[in-house]
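1. Below is the sequence, then the predicted model.
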2 protein chains.
Amino acid sequence: MATTRRQLPPRPETAARRREILAAALETFGAKGYNNGPLAEIAEQVGMTHAGILHHFGSKDRLLVEVLRYRDESDVEGIEGQHIPDGIELFRHLIRTAFANEQRPGIVQAYAVLSAESVTNANPGREYFEDRYRVLRGEVVAAFRAMCAERGLEEPAQVDRAAASILAVMDGLQVQWLLDPTQVELAETSAFAIEAIALQALDPRPSPFDQGS
Amino acid sequence: MATTRRQLPPRPETAARRREILAAALETFGAKGYNNGPLAEIAEQVGMTHAGILHHFGSKDRLLVEVLRYRDESDVEGIEGQHIPDGIELFRHLIRTAFANEQRPGIVQAYAVLSAESVTNANPGREYFEDRYRVLRGEVVAAFRAMCAERGLEEPAQVDRAAASILAVMDGLQVQWLLDPTQVELAETSAFAIEAIALQALDPRPSPFDQGS
DNA sequence: AGTAACTTACAATGCTGTCAGTAAGTAGCA
DNA sequence: TGCTACTTACTGACAGCATTGTAAGTTACT
């Protein structure tokens, strides 16, 4: 009754076509946000109709999720080989990323817009960003631990806070830089702040704000 | 030909009604973003139709601009008297603000969502956020200068970067905190990062990342 | 022969903004 | 004080557009 061949594998060019769509979607969502970025505009960029995109991805929500994963992959491929850098190398990697980001405002904007949009009600990207920040914070914490071990220091009390802070400055600076690139040096400022936070975590000094008039 | 009485002043209750609308709009835009937050939902909160809101504000764009200004005012009124704190007091004020923000996630979300959304194409809030960051950076820079003068230090090289970084961490931490409040302590972490950055600006130590394997 | 990769057409919805009308207030004046 | 003229503060209806998703059909691969 049931024939055996129920599903055919996708055609060879299809994977490339999907990647084209993902790149176009990243551009449109980056420029206009998820809610304000229509499928039709994405379709036009790749020479299709919006129905063609829905054929590949099923719904706009699922497209967003795949776009976010795609951005991750292309990031990892582009910047470094495969491995996750550890210890001091992770911090250097973050700073290099900030310098690389200065050359790709489109990606930066997509990331800034979509991450903030994800905190709104029932946004399909929310889970992705929750996971992403959790993973990244974990990597930074691990890097701190590795540095301490290497130097024979005990683990400082504030690693968790320092990890969150480092990711936070990078993101926050991106927004300010996108708003006015003439007023904010993205990379240099990121490097400065990452160093400041790492130093205070590894070798704390007393707060300058605590008491006194 | 032309009679003299051309425009009547608004009725006494009108100002209060407008404020109600602004508060409702802040809530809706905060929850759903500007593009995704319909006028009808705002209208419902204050017991009106969306046409009534357009009567008061003319267009959705102008409503957003007024919402942003309204948030500023209510912030200034609520937190402190009138004056802009200077020197060390500004930093203390920023940290207090971070603690206060932990009690008002709605406002924080509105701010995070709308500021990121403002970097998208032709967003009506963009100018507001450009100005706001410029002004805030200026205030932080002035506070650094005041602190240096008081202590007889010369102005450090990195004040501009430190100022941008401090605002950036605060914003970035808000996003992470909104995504998962169980994993990020907004206020304590903000305080830690602000101190770290201020210390490095006022009394720099060499970068731990510069050379060596 | 069957399915992937589309297109065209369309249904269904949601949104902003306009328009005409209504009730209620206010100003000017007898 | 009361009448008239005009304005504010709305409502309800609707035009007009944009947008997502579906369904049916076509082409071309395998």
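-> Yep, that arrived.
2. what does chain A put close to DNA strand D?
-> Selection of chain A residues close to DNA strand D by C-beta under 7 Å from any atom of the strand yields A:8, A:11-12, A:36-40, A:50-51, A:54, A:59-61. Heads up, the C-betas are built off the backbone N, CA and C, glycines and all.
3. Just the buried ones out of those, please.
-> With burial judged by 16 or more other C-beta atoms under 10 Å in any protein chain shown, the buried subset of the residues of chain A next to DNA strand D is A:36, A:37, A:39, A:60.
4. can you map out the helices along chain A?
-> A:14-32, A:39-45, A:50-57, A:60-79, A:88-101, A:105-117, A:126-151, A:159-179, A:186-202 (DSSP state H).
5. For these, state which one has the densest average packing.
-> helix A:159-179 (a mean of 26; mean count of other C-beta atoms under 10 Å in any protein chain shown).
6. Excluding covalently adjacent residues, which one is nearest to residue A:162?
-> Leaving aside its chain neighbours, residue A:162 sits nearest to residue A:201 (3.6 Å; criterion: C-beta to C-beta, 6 or more residues apart in numbering or on different chains).
7. Same question for residue A:194.
-> residue A:166 (5.4 Å).
8. Which pLDDT value belongs to the one you found?
-> In the prediction, the pLDDT value recorded for residue A:166 is 98.
9. Just to check, it is in contact with residue A:93?
-> No: counting by C-beta atoms under 8 Å, residue A:166 does not reach residue A:93; the two are 11.8 Å apart.
10. Residue A:195: what's it in contact with?
-> Going by C-beta atoms under 8 Å, 6 or more residues apart in numbering or on different chains, residue A:195 touches B:200, B:207, B:208, B:209.
11. May I ask which of those has the most neighbours?
-> The most crowded member of the contacts of residue A:195, judged by other C-beta atoms under 10 Å in any protein chain shown, is residue B:200 (25 neighbours).
12. contacting residues for it?
-> A:192, A:195, A:196, A:199, A:200, B:158, B:162 are the contacts of residue B:200 under C-beta under 8 Å, 6+ apart.
13. so how far is residue B:148 from it?
-> Note on residue B:200: its distance to residue B:148, by C-beta to C-beta, to the nearest Å, is 14 Å.
14. The residue nearest to residue A:140 when sequence neighbours are not counted and DNA strand C, how far apart?
-> Of all residues not flanking residue A:140 in the chain, residue A:163 sits nearest, at 3.7 Å (C-beta to C-beta, 6+ apart). Between residue A:163 and DNA strand C the computed distance is 38 Å (C-beta to the nearest atom of the strand, to the nearest Å).
15. who touches the helix or strand of chain A with the lowest mean pLDDT?
-> Least confident element among the helices and strands of chain A, by mean pLDDT, DSSP states H and E: helix A:60-79 (a mean of 83). Helix A:60-79 has contacts (C-beta under 8 Å, 6+ apart) with A:19, A:21-23, A:25-26, A:29, A:34, A:39, A:53-54, A:57, A:82, A:93, A:96-97, A:100, A:107, A:110-111, A:114, A:124-125, A:128-129, A:132.
16. hmm, back to that, of all pairs in the contacts of residue B:200, which one is the farthest apart?
-> A:200 and B:158 (14.7 Å; C-beta to C-beta).
17. how about the residues of chain A near DNA strand C?
-> Going by C-beta under 7 Å from any atom of the strand, the residues of chain A near DNA strand C are A:3, A:5-8, A:10-11, A:14, A:17, A:43, A:47-49, A:51-52, A:55-56.
18. Who are the contact partners of residue A:92?
-> Contacts for residue A:92 (C-beta under 8 Å, 6+ apart) come out as A:85, B:209.
19. One more: residue A:117?
-> A:33, A:34, A:35, A:123, A:125, B:33, B:113, B:116, B:117.
20. Show me which pair in the residues you listed is furthest apart.
-> Pairwise distances across the contacts of residue A:117 (C-beta to C-beta) peak at 14.0 Å, for the pair A:125 and B:117.
21. For residue A:179, give its distance to residue B:197.
-> Residue A:179 sits 20 Å away from residue B:197, taking C-beta to C-beta as the criterion.
22. brain fart, residue A:141
-> Distance from residue A:141 to residue B:197, by C-beta to C-beta: 20 Å.
23. what sits against residue A:86?
-> The contact partners of residue A:86, by C-beta under 8 Å, 6+ apart, come to A:142, A:143, A:146.
24. Local confidence estimate at it?
-> In this prediction, residue A:86 carries a pLDDT score of 80.
25. Residues touching stretch A:146-165, excluding its own?
-> A:86-88, A:137-138, A:140-141, A:144-145, A:197-198, A:200-202, A:204, B:169, B:172-173, B:176, B:183-185, B:188-189, B:192-193, B:196.
26. just for chain A, where's the confidence low?
-> The model of chain A has pLDDT under 70 over residues A:1-6, A:75-82, A:212-213.
27. Let me see the domain layout of it.
-> Following automatic domain parsing, one finds the domains of chain A at A:14-80, A:83-205.
28. Need these in TSV (columns: distance to residue B:65).
-> As requested, the domains of chain A are arranged in TSV below (distance: least, C-beta to C-beta, whole Å):
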stretch	distance to residue B:65
domain A:14-80	18
domain A:83-205	16
